[in-house]
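Trainee: Structure for the following, please:
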Amino acid sequence: MAEFLSLHDAVSRYVADGATVAMEGFTHLIPFAAGHEVIRQKKRDLTLIRMTPDLIYDQLIGAGCAKKLIFSWGGNPGVGSLHRLRDAVEHGWPNSIEILEHSHAAMACAFEAGAAGLPLAILRGYIGSDLPKVNDQIKFIDCPFTGERLAAVPSIRPDVSIVHAQKADRHGNVLVEGIVGVQKEAVMAARHSIVTVEEVVDDLDTHPNACVIPGWVIDAVAEAPGGAKPSYTHGYYPRSNKFYKDWDPIARDREAFSAWLDENVYANEGAKA
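Mentor: Numbering: from 1, shown residues only. The predicted model follows:
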């Protein structure tokens, strides 16, 4: 059952050096506050998983937290490259990083398979793609019923999944509204999970077919108002498009990036409260 913890304590307890960590949220509900807490606690040698690595993974990689990235697209949405990711891959700064690239469909299927406790995901895809040449986790099998050639990838089973959502009730049940990605599957696929929320309420006030992550699959709920900024949380605050544009020159320069970390992440101890 979900336990209510501070974000500092949740990350300290469930994110260990060397862990496989998935941080999900599509377009909005990106768990920036949790990612910054991981940076502050100087977690190392993490295998980071995310369908669409964007600024939070650029920051984690630039801070030296990651040794490997499993992903299906990486970039600064609407702006350009992730320069801290590129620097790590191309020049080994602050350390070299291994990358394993999938398609969106394969990542989604792999999360779903992990949530179901299955060892692999099977999908129509990768036929004619060059990704199998650079990703040895992509295999091909024949359907035992039709003989159709299908792709297979390992299920995703993180040590810990971290997501952000609108609210949790006092039993630890979590409501996700707006654009829903693979947050629920990521939580259910993981050994442990942390969910940050904008607020804790007495009643979720849900509607039929709402995406509710039940408290019995969550280890820790941490109240973190603004926890998705500079991305947005549907119904709470908008996306800061300016920050995404401003990030490009910051991330291009190692000294500018390091200064930004010092001022905006390491100096911010408020998440311990």
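
Trainee: where along the stretch 151-273 of the chain do the helices fall?
Mentor: 183-189, 241-252, 254-261 (DSSP state H, counting those that start in this stretch).

Trainee: so which of those is the most packed in?
Mentor: Most buried of these, by mean neighbour count (mean count of other Cβ atoms under 10 Å): helix 183-189, with a mean of 25. To be clear about C-beta, it is placed using only N, CA and C from the backbone, and glycine gets the same treatment.

Trainee: Contacts for that one next, please.
Mentor: Residues outside helix 183-189 that contact it (Cβ atoms under 8 Å, 6 or more residues apart in numbering): 22, 24-25, 29, 108, 111-115, 155-158, 161, 163, 165, 176, 193, 195, 211, 213, 217-218.

Trainee: sorry, back to before: can you tell which of the helices of the stretch 151-273 of the chain is closest to Gln41?
Mentor: Nearest to Gln41, of all the helices of the stretch 151-273 of the chain, is helix 254-261, at 13.4 Å by Cβ to Cβ.

Trainee: Quick one: mean pLDDT over that closest one.
Mentor: If you average the pLDDT over helix 254-261, you get 98.

Trainee: and what of stretch 10-19?
Mentor: On average, stretch 10-19 scores 98.

Trainee: circling back to that earlier point, mind putting the helices of the stretch 151-273 of the chain in CSV, distance to Leu204 included?
Mentor: Output for the helices of the stretch 151-273 of the chain, formatted as CSV (distance: least, Cβ to Cβ, whole Å):
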stretch, distance to Leu204
helix 183-189, 14
helix 241-252, 30
helix 254-261, 36
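
Trainee: Of all those helices, which one is nearest Ile99?
Mentor: Closest of the helices of the stretch 151-273 of the chain to Ile99 is helix 241-252, at 17.1 Å (criterion: Cβ to Cβ).

Trainee: Quick check: pLDDT value at Ala271.
Mentor: Listed pLDDT for Ala271 reads 44.

Trainee: brain fart, Asn209
Mentor: pLDDT at Asn209 comes out at 82.

Trainee: ok, now how distant is it from Glu177?
Mentor: The gap separating Asn209 from Glu177 is 11 Å, by Cβ to Cβ, to the nearest Å.
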